[in-house]
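In: A predicted structure for the sequence below; I have some questions about it.
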Amino acid sequence: MLGAAVAILLTALATTAHAEKRMFSYDPISADARRLTGAGLTVLFDQGLMGGARPIKVLATGVPAQALLIKGKDRDLGPMGLAGLEGVDADAALYEVDPGAEQGKIYVRAFCPRATRLWLSFSRIAVRRDLRIQAFGDDPKAPGTVRVCGTLDFSWRGEWKLPDSHRPDPMEDWTDNLNGAR
């Protein structure tokens with residue numbers, strides 16, 4: 001009986017204590033990172049209760065470009081997934097850029113020319129910790145083939161303070177809500 005009560009309490013705590021949204025910015029330190037992001041990259045992510053981070057969006061720090069991320073499937077990269085690609089961190093978290101959302105197609109073209117799909121693997125996202133992102137793209141001329149398009153190394157710059165729930169969301173275009181007022 002006590003075990004069931006503890007399980008109910010833990011379930012209630014897990015459902016009421018949602019992941020916290022956070023946003024970290026990074027400066028480029030590798031040649032690929034400077035070439036592909038210019039001024040750097042900002043990552044919007046959900047910080048889990050147990051410390052894990054799930055990236056939601058990547059934003060170019062210097063220009064208004066952002067891409068929505070969805071959880072990647074390791075099998076999409078081939079039979080061995082990340083582990084089957086040479087020079088890749090097989091333990092990284094894999095996400096796919098949604099080409100139909102935000103400026104996803106722009107990210108696909110910029111990070112991996114001639115690809116139709118773009119995956120990004122992320123090292124651990126944590127305060128004051130540098131970040132490595134590796135970009136992978138498909139080859140439309142050779143179905144089932146995935147190539148490494150770049151290894152982007154970043155140094156941690158800082159954390160953005162996100163507004164509380166009563167203020168506008170910085171990830172949405174507030175000008176859409178002006179109702180024609182000038």
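Out: Cool, the structure landed. Remember, predicted model here, so these are calculated numbers, not experimental data.
In: what sits against Leu44?
Out: Each residue near Leu44 by CB atoms under 8 Å, 6 or more residues apart in numbering is listed here: 21-23, 55-59, 171. Just so you know, the C-beta spots here come from the backbone N, C-alpha and C atoms, and that holds for glycine as well.
In: Name the strands paired with the helix or strand hosting it and say parallel or antiparallel.
Out: Here Leu44 sits within strand 41-47, counting by DSSP states H and E. Applying DSSP bridges, strand 41-47 is found paired with strand 20-28 (antiparallel), strand 53-60 (antiparallel).
In: what residue ranges in this protein score low on pLDDT?
Out: Scanning the chain with the threshold set as pLDDT under 70 gives 1-18, 51, 164-182.
In: Can you find which strand in it contains the most residues?
Out: Ranked by number of residues, the top strand in the chain under DSSP state E is strand 146-160.
In: mind listing the helices for this structure?
Out: With DSSP state H as the criterion, the chain has helices at 2-16, 31-37, 104-111.
In: Mind listing residues that contact the second one?
Out: It stands for helix 31-37. Taking CB under 8 Å, 6+ apart as the rule, helix 31-37 contacts 28, 40-41, 60-62, 110-111, 133, 135, 150-154.
In: Extract the C-alpha trace of stretch 42-54 and format it as CSV.
Out: Extracted in CSV, the C-alpha atoms of stretch 42-54 (Å, rounded to 0.1, in the frame of the first residue of the first chain):
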residue,chain,number,x,y,z
THR,A,42,22.1,29.5,-29.8
VAL,A,43,20.3,26.4,-28.7
LEU,A,44,16.8,26.4,-27.1
PHE,A,45,16.3,23.2,-25.1
ASP,A,46,14.3,21.5,-22.5
GLN,A,47,16.3,20.9,-19.3
GLY,A,48,15.1,17.6,-17.8
LEU,A,49,14.5,17.0,-14.1
MET,A,50,17.5,14.6,-14.0
GLY,A,51,19.8,17.0,-15.8
GLY,A,52,19.4,15.8,-19.4
ALA,A,53,18.9,18.4,-22.1
ARG,A,54,16.7,17.9,-25.2
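In: In it, which residues are buried?
Out: Buried positions in stretch 42-54, judged by neighbour count with 16 or more other CB atoms under 10 Å: 42-45, 47, 53.
In: Tell me how far Leu41 lies from Ser25.
Out: Separation of Leu41 from Ser25 (CB to CB, to the nearest Å): 7 Å.
In: Can you pull the residues that touch both of those two?
Out: Going by CB under 8 Å, 6+ apart, residues that sit against Leu41 and also against Ser25 are Thr61.
In: For the most centrally placed residue in the chain, which non-adjacent residue is closest in space?
Out: Geometric centre of the chain, nearest residue: Pro55, 3.7 Å, by CA atoms, centre = their mean. For Pro55, ignoring the flanking residues on the chain, the nearest one in space by CB to CB, 6 or more residues apart in numbering is Phe45 at 4.7 Å.
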